[in-house]
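K.L.:
For reference, the sequence and a predicted model appear below.
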Amino acid sequence: TINSQKLAPEGWRIATNEDWKQLENYLIANNYNYDGTTNTNKIAKALATKTDWNNSENPGTIGNNLTGNNTSSFNALPGGYRSYSGKYASRNNEGFWWSSSESDYVNAYYRGITYKDRALNTREGNKNFGFSVRLVKNNQ
């Protein structure tokens, strides 16, 4: 479905793995880490919306003090996922977004954040899972 060209309106596309890497690098380099450092990935809090996430006691995590979230205006919601069997899980705990970049015939790259973590994670997953997507406007 991701590469069907049917999800994005004209002039837009599903974010590629490289698009996600560029966003990650930009946010790290421009002080969006929760602790102000610029050398490692601690940007989950800057991406997450200020509502709907479960609470965490760990400083710097998405779920710790939701009012400090979303400094990047990305508005990442904790939509969870749909498993290959069709069951929904992890709403309010995690958010996952497919990229349009395949890692092999069965898997593709995706990004994820959780209420109790500090980083935007990169993983490979089975394309039968249901994750959210983010659109990127094509350069004109």
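P.N.:
Cool, got the structure. Not measured: the values here are computed from a predicted model. Numbering: from 1, shown residues only.
K.L.:
And the strands in the chain?
P.N.:
12-14, 81-82, 88-89, 94-102, 107-114, 121-126, 132-133, 135-137 (DSSP state E).
K.L.:
For Tyr26, find the nearest of those.
P.N.:
With C-beta to C-beta as the measure, strand 135-137 is the member of the strands of the chain nearest Tyr26 (13.1 Å). Where you see a C-beta, it was placed from the backbone N, CA and C, and this is true even at glycine.
K.L.:
how about the helices in the chain?
P.N.:
17-29, 44-47 (DSSP state H).
K.L.:
Just say which of those helices is most tucked in.
P.N.:
helix 44-47 (a mean of 26; mean count of other C-beta atoms under 10 Å).
K.L.:
which residues touch that helix?
P.N.:
With C-beta atoms under 8 Å, 6 or more residues apart in numbering as the test, helix 44-47 has contacts from 27, 32-34, 60-62, 68-72, 74, 76, 113-114, 117-120.
K.L.:
re earlier: of the strands of the chain, which is nearest Asn55?
P.N.:
Here strand 107-114 is closest among the strands of the chain (C-beta to C-beta), at 12.5 Å.
K.L.:
Now do the contacts for the closest residue to Gly130 other than its chain neighbours.
P.N.:
Excluding the flanking residues, the one nearest Gly130 by C-beta to C-beta, 6 or more residues apart in numbering is Arg82, at 3.1 Å. Residues counted as contacts of Arg82 (C-beta under 8 Å, 6+ apart) are Tyr88, Phe129, Gly130.
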